[in-house]
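Q: Let me see the structure of the following:
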Amino acid sequence: MIVQSAIMVNKEMFFTGSRHGDCFNKMSSVFNPPSINDNIVCGFITDELTFLNREEGYYHAYKCGQCEEQVYVEMTLPDGIYIPEENWIPMLASEDLW
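A: As a prediction, the model looks like this:
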């Protein structure tokens, strides 16, 4: 089960919070601003203290019954960006959980 939003920096440092914005606020107190060279990944922490990225988090949360199924919806964004179905992947957001 997913218990917190998280940001992983350089595969070694984690910041957690209810929302990813909370994680970024905590991170900014350590890195002001974060270095462009830092490898930053948004994701989630499970009750087993495992870090999952947004895609992995979706599959885990869906399997645990924490979120609804995501399905591809064809659309073009206002700036003309179109994502074809074969390039679409489900991405979990904290708003999908709580």
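Q: Next SSE downstream of the helix or strand of the chain with the lowest mean pLDDT?
A: Least confident element among the helices and strands of the chain, by mean pLDDT, DSSP states H and E: helix 20-28 (a mean of 91). Using DSSP states H and E, the next helix or strand after helix 20-28 towards the C-terminus is strand 40-46.
Q: Quick one: list the elements packing against that next one.
A: The helices and strands touching strand 40-46, judged by 3 or more Cβ pairs under 8 Å, 6 or more residues apart in numbering; DSSP states H and E, are strand 2-9, strand 51-53, helix 54-64. C-beta: built from backbone N, CA, C; applies to glycine.
Q: Minimum distance to Ile81: which of the ones you listed has it?
A: Taking Cβ to Cβ as the measure, these were each checked against Ile81, and helix 54-64 came out nearest at 18.4 Å.
Q: Deepest in the core, which of the helices and strands packed on strand 40-46 is it.
A: Greatest average neighbour count among the helices and strands packed on strand 40-46 goes to strand 2-9 (a mean of 21), per mean count of other Cβ atoms under 10 Å.
Q: What lies in contact with it?
A: The contact list for strand 2-9, computed with Cβ atoms under 8 Å, 6 or more residues apart in numbering, reads 14-20, 22-24, 27, 31, 34, 38-47, 51-52, 57, 60-61, 64, 66, 92, 94, 97.
Q: Try it again at 7 Å.
A: The set of residues that contact strand 2-9 without belonging to it, under Cβ atoms under 7 Å, 6 or more residues apart in numbering, is 14-20, 22-24, 27, 38-47, 51, 57, 60-61, 66, 94, 97.
Q: List the strands paired with it, with their directions.
A: Based on DSSP bridges, the strands next to strand 2-9 in the sheet, each with its direction, are strand 13-17 (antiparallel), strand 40-46 (antiparallel).
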